[in-house]
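In: Structure here, sequence nowhere to be found:
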């Protein structure tokens, strides 16, 4: 006797097999998707940490010379660590004389996935030795002003520096003269905050001298140029191409002056010990440290910081050749000889010139915040 078979079991087996196959395919797709997500997340974390490393490394290996050459609003790029399937770097932007923003970035890829790109941001500011420039002209000894000399505490912006100084201009008055003793005749002009001329108390003078000695030592240790010459000629050129002033940067901002000259901010230590003479008509910028006394000739134009262990002598000049210092001057007068400033010399305060000059001695310090900021 034979039985008819209709294949019901086969249909059931095929149906179950198909269902299991679909479940397996769906599970496999889910696993692969999770694997891709994990790899992308890992690549993103790797990029994030690489950007972090690049940013921290740029702070630790701060390229001071390149940073000083940037003007406000300008940026440069610093290469970061690179490895297999990873590149990184930092974009550094100057926001003011002492302020920079750093954008660390990194890109990772493994060939099979789209690249992961991350950016983090941090603000830093330059910290430098505290120079106790309490006024346009600060003297720890006696000071004689005569012959139409002018000392002004109103903030000045050197010619052509408007863009550079836009974030560092001081709208309030600074003091004009702070000294241990001052003798000024009726032809002298002093303009500043409060009393035009302020005298030190004993305690203030002692503290200021201590701060000045410390600042002098730290700045001298960071000097970019040291000379024992008794004469510094601002018009003397170096042998480079272009031929920039030998000792300082060029304070002019005109198309005729190369950026290579106008973006230099040297710290010059005149270690002669006796009297150093500053002469020349080329406008200069930077920091001038003098171990002895300083004599300034007519025509001299200087923007920045002048710190003198000894004293200062500025003699009478023709009306059309007035020596001019824009920034801050500090005299320690260690031998108590007294300083003499005769007209038509002009000394005027400039917060911008002081900060730009001292930036040459600055080290980057991260601005305190709660953490890193990632940019999309």
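Out: Arrived safely, thanks for sending. This one's a predicted model, so the numbers in the text were calculated from it and none came from an experiment.

In: so what's residue 94 up against?
Out: Shown in contact with residue 94 (Cβ atoms under 8 Å, 6 or more residues apart in numbering): 67, 70-75, 100. Heads up, the C-betas are built off the backbone N, CA and C, glycines and all.

In: Farthest pair within these?
Out: 67 and 73 (13.9 Å; Cβ to Cβ).

In: quick revisit: between the contacts of residue 94, which is closest to residue 157?
Out: Using Cβ to Cβ, these come closest to residue 157 at residue 72, 12.6 Å.

In: for the closest one, helix, strand, or coil?
Out: The three-state label given to residue 72 by DSSP: H, G, I helix; E, B strand; the rest coil is coil.

In: what number of residues lie near it?
Out: Residue 72: 18 surrounding residues under other Cβ atoms under 10 Å.

In: can you check residue 206 too?
Out: If you count neighbours by other Cβ under 10 Å, residue 206 ends up with 12.

In: Just to be sure, it is in a strand?
Out: No: under three-state DSSP, residue 206 falls outside any strand and is assigned helix.

In: if I look at it, how far off is residue 124?
Out: 34 Å (Cβ to Cβ, to the nearest Å).

In: again with residue 232
Out: Distance from residue 232 to residue 124, by Cβ to Cβ: 33 Å.

In: Residue 67 and residue 73: which is more packed in?
Out: The neighbour count for residue 67 versus residue 73, taken as other Cβ under 10 Å, is higher for residue 67 (19 against 13).

In: The more buried one contacts residue 90, correct?
Out: No: look at residue 67 against residue 90 with Cβ atoms under 8 Å: they stay out of range, at 11.6 Å.

In: Can you list phi and psi of residue 132 for me?
Out: Dihedral pair for residue 132: phi -80, psi 70, per degrees, to the nearest 10.

In: Check the one 4 residues further on too.
Out: In terms of degrees, to the nearest 10, the main-chain angles of residue 136 are phi -60, psi -40.

In: what's the neighbour count on it?
Out: Residue 136, neighbours per other Cβ under 10 Å, totals 30.

In: And residue 79, by the same measure?
Out: 12.

In: number of nearby residues for the closest residue to it other than its chain neighbours?
Out: Leaving aside its sequence neighbours, residue 79 sits nearest to residue 89 (Cβ to Cβ, 6 or more residues apart in numbering; 5.2 Å). Counted with other Cβ under 10 Å, residues neighbouring residue 89 total 21.

In: Mind telling me what element residue 89 is part of?
Out: Assigned by DSSP states H and E, residue 89 falls within strand 86-94.

In: Please give me every residue in contact with the spatially closest residue to residue 96 that is not a sequence neighbour.
Out: Leaving aside its chain neighbours, residue 96 sits nearest to residue 167 (3.6 Å; criterion: Cβ to Cβ, 6+ apart). Residue 167 sits next to 72, 95-97, 99 when contact means Cβ under 8 Å, 6+ apart.

In: Go again with 7 Å.
Out: 72, 95-96 (Cβ atoms under 7 Å, 6 or more residues apart in numbering).

In: quick one: which of these is nearest residue 273?
Out: Using Cβ to Cβ, the contacts of residue 167 come closest to residue 273 at residue 96, 36.9 Å.
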